[in-house]
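**Q** Sequence plus predicted model, see below.
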Amino acid sequence: MAKLLKQCKLFIQGFLLFNLLWFVASILMDTNVVPNPLDIYQNISSLMTAEIIIHILYSIKRIALGLVMSLGVGVPIGILIAYSKKVNKILYPLIYLCYPIPKSVLLPVAMLLWGMRDGSKVVIIFLIIVFQVIVSVRDSVVTIEPSMYQVMKSAGAGRWQIIRHVTMPGILPQLLTSIRISLGTAVSVLFFVEGYGTEFGLGYYILNAWSRINYIDMYMGILVISLMGFALFILIDLLSNVLCKWSSIEE
Amino acid sequence: MLLMENVCISYKNKKESFPIIQNLSLSIQEGEALVILGPSGCGKSTLVNALAGTIPFECGLVDVMKDQLKQKLDPKIHRIGIIPQNYGLLPWKTISENCMLPLKVRHEKVTNRYKQDTLKIYESLNIAHLLDKYPKELSGGQLQRAAIARAFILKPDLLLMDEPFSALDAITREEARELFLNLWQENRPITILVTHSIEEALYLGKTIMVMGTNNGEIKLMMKNPHFGKMDPGTKEYYEVKHLLREKLKSSNGKVVENIGKIIKAM
């Protein structure tokens, strides 16, 4: 609880300072490209319409699909690589190669293969998250104490019981950390992937306002997508506090 | 009774395999504790690992005789309790969850009677007030007692211990040994304790075996008249201690060579 309060304080401090800088910039630059933040906040009530909610939901749906797919593929592969020398030998070079490639440049390929609709959008988000997941799962499985397996095996535990009681909880803290980081990238890539083949999503909302030279709307879109990124960040943090209570205990 | 006949275990890599233990035969009677004393690298931990089911026996037979019935040792059938050197408690489970985990894994019903026995074990090890804590919140001595509790709660047919007291400071270690011995006297599972401490062997071993470095040869096997006595200071005690030390020393030479071989192979 104290941690939560501290985070709130941090958020408010950062938020105030950010707006102060924005305000000063808007006065100094004196152009409608950088509007006064107060104008934006005055329009907030008009923003909270059903329309923007739909945009938010579309964006969240794409991110959630990408995330679920990455977990479904990345967690088993990460575990397999960590436990099987053979699989590691085959797959690790591939992952080593692909990990640093900026996934958003594959957008044209994804569009050609999976079309202009949600397919290519989700695939790009999937690609951004999945490698992070694989690498973090693999790294954290390797750090699990061998004596835990010993205890489980001597008790007669089978493979799935070991995965359930030892492997999964063991990888969770680092997995959540890497998801938190890669979700940030996924949100930023919404801007690209929602720029085509759709009329919904926050990326589309911003680009649309931009092309209409409606800077107030554009800034509101930017504001909302930032808040969404922040909310996802906090959500994963809270989830980690609840699920990995044990890992935050100081020794 | 635990019966091992011509058992061998090897360390393997892709190209070669190195025998760690070859043709080891021994038996432990019901209610007995065997302490295996040996220099590091002699293969005593390997033997514990194999009995625990984490590495395979390459040849030989390991059987458990129970109620006139001879059965191959199998973690799924027999209750094997283990107290590893660093306790092997899962950091994401509370102490009581950790202690009950082996039963949960075996899908065993915990009756009220069982619960009472469990409670008794917690109390005799003085950890009843720590049950809802996570391992990270406990001291080394408390973790050690939790690991002992977990092993005894299972009511093991076979209890394996791999240098279980070596990570503790001297005073905590003595306390832990004493608590362990009390509990052991009440339950008396077949026990194999592996250590390099002669004092520990003399205190906790009904039988003491000194293992050499030559593929797990038995250098010495003796009944221990000093079981359960903390250094009585008698002449006989020191004679036995001296004998064990000599046997340990004479088995030390080959270790370096063996380890060298294995490192090279890696």
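**A** Thanks, I have it.

**Q** Look up which helix or strand the nearest residue to residue B:193 once chain neighbours are set aside falls in, please.
**A** Counting by Cβ to Cβ, 6 or more residues apart in numbering or on different chains, the nearest residue to residue B:193 once its immediate chain neighbours are dropped is residue B:161, at 4.3 Å. Quick note: C-beta positions are derived from backbone N, CA and C, even for glycine. Residue B:161 is part of strand B:158-162, with elements assigned from DSSP states H and E.

**Q** And residue B:118, by the same measure?
**A** According to DSSP H and E, residue B:118 maps onto helix B:112-124.

**Q** and what of residue B:36?
**A** Counting by DSSP H and E, the element that carries residue B:36 is strand B:33-37.

**Q** And the longest helix belonging to chain A, what does it pack against?
**A** Longest among the helix segments of chain A by residue count, using DSSP state H, is helix A:50-83. Helices and strands in packing contact with helix A:50-83 are listed as helix A:85-98, helix A:118-142, helix A:168-193, helix A:202-211, helix A:215-243; criterion 3 or more Cβ pairs under 8 Å, 6 or more residues apart in numbering or on different chains; DSSP states H and E.

**Q** if you set the cut-off to 6 Å instead, what comes out?
**A** In this structure, helix A:50-83 packs against helix A:85-98, helix A:118-142, helix A:202-211, with contacts taken as 3 or more Cβ pairs under 6 Å, 6 or more residues apart in numbering or on different chains; DSSP states H and E.

**Q** looking at these, which is closest to residue A:173?
**A** Closest of the helices and strands packed on helix A:50-83 to residue A:173 is helix A:118-142, at 7.6 Å (criterion: Cβ to Cβ).

**Q** quick one: the helix or strand following the closest one to strand B:158-162, angle?
**A** As assigned by DSSP H and E, the chain's next helix or strand after helix A:118-142 is helix A:146-154. Helix A:146-154 and strand B:158-162 meet at an angle of 170 degrees, taking axes from the mean of the first three to the mean of the last three Cα atoms, to 10 degrees as the criterion.

**Q** roughly how far is helix A:146-154 from the heart of the chain?
**A** A distance of 34 Å separates the C-alpha centroid of helix A:146-154 from that of its chain, computed with Cα atoms, centre = their mean, to the nearest Å.

**Q** mind listing the helices for chain B?
**A** For chain B, the helices identified by DSSP H occupy B:44-52, B:95-105, B:112-124, B:140-153, B:170-187, B:198-204, B:235-250, B:253-265, in order along the chain.

**Q** Let me have these in CSV, extended by mean neighbour count.
**A** Below are the helices of chain B laid out as CSV (neighbours: other Cβ atoms under 10 Å in any protein chain shown):
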stretch, mean neighbour count
helix B:44-52, 23
helix B:95-105, 22
helix B:112-124, 14
helix B:140-153, 25
helix B:170-187, 16
helix B:198-204, 22
helix B:235-250, 14
helix B:253-265, 12
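
**Q** Adding distance to chain A and mean pLDDT, write the ones you listed out as CSV.
**A** What follows is these, written out as CSV (distance: least, Cβ to the nearest Cβ, whole Å; pLDDT from 0 to 100):
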stretch, distance to chain A, mean pLDDT
helix B:44-52, 4, 88
helix B:95-105, 4, 92
helix B:112-124, 15, 90
helix B:140-153, 8, 91
helix B:170-187, 17, 87
helix B:198-204, 19, 87
helix B:235-250, 25, 81
helix B:253-265, 15, 52
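
**Q** out of these, which comes closest to residue A:231?
**A** With distances scored as Cβ to Cβ, the stretch of the helices of chain B nearest to residue A:231 is helix B:95-105 (32.6 Å).

**Q** In its sheet, which strands sit next to the strand holding residue B:36, and in what direction?
**A** Looking at strand B:33-37 with DSSP bridges, its partner strands are strand B:190-195 (parallel), strand B:207-211 (parallel).

**Q** Residue B:86 reaches residue A:150, doesn't it?
**A** No - because the distance of 10.1 Å does not satisfy Cβ atoms under 6 Å, residue B:86 is recorded as not touching residue A:150.

**Q** how close does the residue lying closest to residue B:7 once chain neighbours are set aside get to residue B:24?
**A** Take residue B:7 and drop its neighbours on the chain: the residue closest to it by Cβ to Cβ, 6+ apart is residue B:60, 3.5 Å away. Shown here: residue B:60 relative to residue B:24, a distance of 8 Å by Cβ to Cβ, to the nearest Å.
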